[in-house]
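K.L.:
quick one: sequence and predicted model below, then my questions.
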Amino acid sequence: MRSNFAKTQKKEENDNDNKDKDKNKKTEYVTAIDNVNIRAEADIDSERVGFAYTGDKLEFVENLSNGWTKIKYNGKDCYVKTDYVQ
């Protein structure tokens, strides 16, 4: 029993450390340089879940090698064409 408690306690400590790192992580943004559709997947035929107007700031997650940028939109991972943001 005791070793299970120690494992659980260590996992909780690691989870707390990760939460602290997330809190300290600076949120980055990209700016729409033209009107752009926000998609559910990195595909032009994917469902359109939103729209950003020129000048709108979008929460940046990562640039993908396929010409798309992953963003956070309404708390979900979504995508915009990289050509339309900077």
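P.N.:
Structure received.
K.L.:
next one: phi and psi at the closest residue to Asn37 other than its chain neighbours?
P.N.:
Nearest residue to Asn37 in three dimensions, chain neighbours excluded: Arg48, at 4.9 Å (C-beta to C-beta, 6 or more residues apart in numbering). Every residue, glycine included, has its C-beta placed from N, CA and C. Torsion angles at Arg48 (phi, psi; degrees, to the nearest 10) stand at phi -80, psi 120.
K.L.:
and Arg48, how many neighbours?
P.N.:
12 (other C-beta atoms under 10 Å).
K.L.:
same check on the one 3 residues further on?
P.N.:
Using other C-beta under 10 Å, Phe51 has 12 other residues around it.
K.L.:
for it, give its distance to Lys26.
P.N.:
Applying C-beta to C-beta, to the nearest Å, the value for Phe51 to Lys26 is 26 Å.
K.L.:
for Trp68, same thing?
P.N.:
22 Å.
K.L.:
neighbour count winner among these two?
P.N.:
Legend: neighbour count by other C-beta under 10 Å for Trp68 and Lys26, higher for Trp68 (21 against 4).
K.L.:
list the contacts of the more buried one.
P.N.:
Contacts of Trp68 were listed using C-beta atoms under 8 Å, 6 or more residues apart in numbering, and they are Ala42, Tyr79, Val80, Lys81, Thr82.
K.L.:
so what pLDDT did the last one get?
P.N.:
If I follow you right, that is Thr82. Looking at Thr82, its pLDDT stands at 98.
K.L.:
so it is in contact with Asn63, correct?
P.N.:
Yes. Counting by C-beta atoms under 8 Å, Thr82 touches Asn63, with 6.2 Å between them.
K.L.:
overlap of the contact sets of these two?
P.N.:
Counting by C-beta under 8 Å, 6+ apart, the residues touching both Thr82 and Asn63 are Thr69.
K.L.:
and the two? Which one has more around it.
P.N.:
Between Thr82 and Asn63, counting by other C-beta under 10 Å, Thr82 is the more crowded of the two (17 against 13).
K.L.:
for that one, which non-adjacent residue is spatially closest?
P.N.:
Using C-beta to C-beta, 6+ apart, the nearest residue to Thr82 is Thr69, at 4.8 Å.
K.L.:
fine by me, thanks again.
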